[in-house]
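Visitor: Here is a sequence together with a model predicted from it:
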Amino acid sequence: MSSDALLVQLQGSLCTIALNRPERRNALDETLIEALTNALHQAAAMPEVRIVALRGIGSTFCAGADLAAMARAADAPLEENLQDARKLQQLFYALDTLPCITVALAQGAAIGGGAGLLAACDVAIASPETFFAFSEVRLGLLPAVISPYVVRKIGMGTARTLFVTGKRFQADAALRMGLIQHIAQNLDSALDDEVKNALKVSPQAVKAVKELMRMLPSFSAEETAEATAQAIARARASEEGLEGVRAFLQGRSPSYFREETP
């Protein structure tokens with residue numbers, strides 16, 4: 001799963017995926033996009049993986065799109081340019097649809113697509129000095145591929161303001177708007193806490209609730225009522241749902257509970 005552009009480590013139930021282009025501030029080029037997409041697909045196929053952590057090597061989490069790669073795409077024919085954009089979309093879709101818990105750990109900067117990676121994860125944690133921006137408009141571009149994930153995370157009004165201004169904002173503002181969920185001085189310690197929590201929850205329930213959350217925005221009121229009723233009915237009858245309730249009533253840990261340390 002690892003490559004020159006990407007470092008992947010499996011440790012028990014934790015899969016850590018690290019962007020490894022520090023000399024380019026971990027900017028997303030064709031090679032990194034392909035490697036990251038493949039790594040996410042492989043992690044999704046591993047039932048033992050309960051949590052995926054996404055981070056960046058060096059001083060910057062991710063500076064967004066690699067400008068040299070963008071220049072190559074701009075000079076390409078429209079169809080080739082479109083295929084390139086679709087590969088980026090497939091990366092974010094793969095991250096968003098991972099069946100396990102996803103945690104992003106950001107330091108330095110998360111700009112454009114880098115901030116989009118945070119939005120596509122379940123939990124985003126940043127060090128206090130991290131800054132963020134959706135600066136595409138300053139380059140005559142727009143945050144198109146990442147927009148569904150950002151809007152879902154921070155809301156249409158806030159996203160619209162940040163998208164049209166391209167302004168930088170700091171970690172405290174990112175926390176208030178919901179782009180990140182925690183600010184931590186020690187990202188490794190924060191990840192340890194997330195791993196311990198991930199080992200206490202039902203993998204089947206995590207997968208099911210993530211699927212439900214993705215579907216809800218497109219449902220009518222009637223469809224929402226039926227979908228949510230069916231979701232809880234399936235969960236109650238599922239193997240892990242039955243096990244979780246029985247374990248609670250019997251005062252014991254459920255079978256899916258793990259004690260391993262990160």
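Guide: Thanks, I have it.
Visitor: Going by C-alpha atoms from here, please, whenever you check contacts or count neighbours.
Guide: Fine.
Visitor: hey, where'd the strands end up in the stretch 151-262 of the chain?
Guide: With strands called from DSSP state E, counting those that start in this stretch, the stretch 151-262 of the chain shows them at 168-170, 182-183.
Visitor: Output the contacting helices and strands for the shortest one.
Guide: In this case it means strand 182-183. strand 123-126, helix 171-177 (3 or more Cα pairs under 8 Å, 6 or more residues apart in numbering; DSSP states H and E).
Visitor: Pull the distance from the next helix or strand after the first one to the chain's centre.
Guide: Following the chain from strand 123-126 toward its C-terminal end, the next helix or strand by DSSP states H and E is strand 131-133. What separates the centre of strand 131-133 from the centre of its chain is 16 Å, taken as Cα atoms, centre = their mean, to the nearest Å.
Visitor: Given strand 131-133, what are its sheet partners and their directions?
Guide: strand 109-111 (parallel), strand 168-170 (antiparallel) (DSSP bridges).
Visitor: quick check, distance from the first one to the centre of its chain.
Guide: Okay, so that is strand 109-111. 14 Å.
Visitor: again, but for stretch 98-115
Guide: 5 Å.
Visitor: Now do it: distance from first to last residue.
Guide: Length of stretch 98-115, first residue to last, Cα to Cα, to the nearest Å: 18 Å.
Visitor: likewise stretch 123-132?
Guide: Terminal-residue distance, stretch 123-132 (Cα to Cα): 16 Å.
Visitor: Pull out the buried residues from it.
Guide: Neighbour-count burial for stretch 123-132, counted by 16 or more other Cα atoms under 10 Å, picks out 123, 124, 125, 126, 127, 128, 130, 131, 132.
Visitor: again with stretch 238-256
Guide: By neighbour count with 16+ other Cα under 10 Å, stretch 238-256 contains the buried residues 240, 241, 243, 244, 254.
Visitor: So for stretch 253-262, mean pLDDT?
Guide: Mean pLDDT, stretch 253-262: 80.
Visitor: And the helices in the stretch 151-262 of the chain, which stretches?
Guide: 156-165, 171-177, 187-198, 203-215, 221-237, 239-250 (DSSP state H, counting those that start in this stretch).
Visitor: picking up where we left off before, and of the buried residues of stretch 238-256, the nearest to residue 224?
Guide: Of all the buried residues of stretch 238-256, residue 224 sits closest to residue 241, with 21.4 Å by Cα to Cα.
Visitor: Need the contact partners of stretch 29-48.
Guide: Outside stretch 29-48, the residues that touch it by Cα atoms under 8 Å, 6 or more residues apart in numbering are 1-3, 5-6, 8, 12-13, 15, 17, 19, 49, 52, 65-66, 69, 84, 87-88, 90-91, 94-95, 98-100.
Visitor: redo that, cut-off 6 Å
Guide: 1, 5, 13, 66, 69, 91, 98 (Cα atoms under 6 Å, 6 or more residues apart in numbering).
Visitor: what do you get for stretch 167-182?
Guide: 119, 124, 125, 128, 130, 131, 132, 133, 154.
Visitor: Quick one: those as a markdown table, columns for distance to residue 79 and pLDDT too.
Guide: Putting the contacts of stretch 167-182 into a markdown table (distance: Cα to Cα, whole Å; pLDDT from 0 to 100) gives the following:
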| residue | distance to residue 79 | pLDDT |
| --- | --- | --- |
| 119 | 28 | 98 |
| 124 | 34 | 98 |
| 125 | 37 | 98 |
| 128 | 42 | 98 |
| 130 | 36 | 98 |
| 131 | 35 | 98 |
| 132 | 31 | 98 |
| 133 | 29 | 98 |
| 154 | 32 | 98 |
